[in-house]
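In: sequence? don't have it. structure:
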């Protein structure tokens, strides 16, 4: 295996940190890196590696939007109004069940025909990246038809779960109106504007996170990964041990945790 693209340190960095030169433990080291990176991101309540994301914020009554993954490197779209952009219909009235759902990555078509055969077809929003393309892909699936009412990026469609298509078509909405009356603090990833005047639900499409992971995040991740790696051969119930004239004591777990928390404190997202 290899270290995940979203992990915060490299295999070479962890091997240098631990003083390991050989390759016999590379697999467990890579697993330790992935697990440590996931632990750090879960503790901080955010992701750190640079990625393009779409976030929906309920901003009614607010004058700012705090994005989840600072810094905000690029903001592509801030949308404040929605319209019907895609119509999805069932084309077989004899089907026992037909529905559509949309999540952050795909549009899903669920169908059970009159004979009881069940199928689910998932259409990627990144592959079918406009509603025109997505409508064509829907119509190519047996039992369904799609019509693009407005052509927008597919990732701007509002998420829905299990809309029944047996009795009526589903009108999928998407963000279509771009806002311009705002300013942004890119480092803090805070958008300032008078959102309370008109809009209650705001879509922000942006690239957030670090292209180069800060040193203290690297240090915290290395420390956690090293602990995961070493603890695989240790009895967690033993705090100290003596053998002949040799003895050792382990640092208290609370001390280690506090050291890591201090490194991560500036990056923890307040909920």
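Out: Sure, I can see it. Model, not experiment: these values are computed from the prediction.

In: Give me the three-state assignment for residue 187.
Out: For residue 187, the assignment made with DSSP: H, G, I helix; E, B strand; the rest coil gives coil.

In: who's in contact with it?
Out: When contacts are counted by CB atoms under 8 Å, 6 or more residues apart in numbering, residue 187 is found next to 70-71. C-beta here means a position set from N, CA and C on the backbone, and glycine is covered the same way.

In: what helices or strands is the helix or strand encompassing residue 255 leaning on?
Out: Secondary structure assignment for residue 255, by DSSP states H and E: helix 253-264. Applying 3 or more CB pairs under 8 Å, 6 or more residues apart in numbering; DSSP states H and E, one finds that helix 253-264 makes contact with helix 26-44, helix 215-231.

In: can you pull out the strands in the stretch 51-200 of the chain?
Out: With DSSP state E, counting those that start in this stretch as the criterion, the stretch 51-200 of the chain has strands at 51-58, 64-66, 72-90, 97-102, 106-112, 118-124, 144-148, 160-164, 170-178, 182-185, 190-193.

In: now what about the helix holding residue 255, what contacts it?
Out: If you take CB under 8 Å, 6+ apart as the criterion, helix 253-264 is touched by 40, 43-44, 216-217, 219-220, 223-224, 227.

In: Including mean neighbour count, could the helices and strands packed on helix 253-264 go into CSV?
Out: Formatted as CSV, the helices and strands packed on helix 253-264 follow (neighbours: other CB atoms under 10 Å):
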stretch, mean neighbour count
helix 26-44, 18
helix 215-231, 19
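
In: Export the ones you listed as JSON lines, with columns for mean pLDDT.
Out: Putting the helices and strands packed on helix 253-264 into JSON lines (pLDDT from 0 to 100) gives the following:
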{"stretch": "helix 26-44", "mean pLDDT": "96"}
{"stretch": "helix 215-231", "mean pLDDT": "94"}
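
In: hang on, the earlier thing: which one of the strands of the stretch 51-200 of the chain lies nearest to residue 18?
Out: In terms of CB to CB, the element of the strands of the stretch 51-200 of the chain nearest to residue 18 is strand 51-58, at 28.4 Å.

In: can you pull the buried residues of the closest one?
Out: By 16 or more other CB atoms under 10 Å, the buried positions in strand 51-58 come out as 53-54, 57.

In: ok, now stretch 150-163?
Out: Counting neighbours by 16+ other CB under 10 Å, one finds that the buried residues in stretch 150-163 are 152-157, 160, 163.

In: That stretch spans what distance, first to last residue?
Out: 20 Å (CA to CA, to the nearest Å).

In: hmm, who's touching it?
Out: Applying CB under 8 Å, 6+ apart, the set of residues contacting stretch 150-163 from outside is 54, 56, 77, 79, 82-86, 88, 99-104, 107, 110, 125-126, 128-134, 170, 172-176, 203, 205.

In: Could I have the ChimeraX command that selects the buried members from those residues?
Out: With 16+ other CB under 10 Å as the burial test, the buried ones among the contacts of stretch 150-163 are selected in ChimeraX as follows:
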select :54,77,79,82,85,86,88,99,100,101,102,107,110,125,128,130,131,132,133,134,170,172,173,174,175,176,203,205
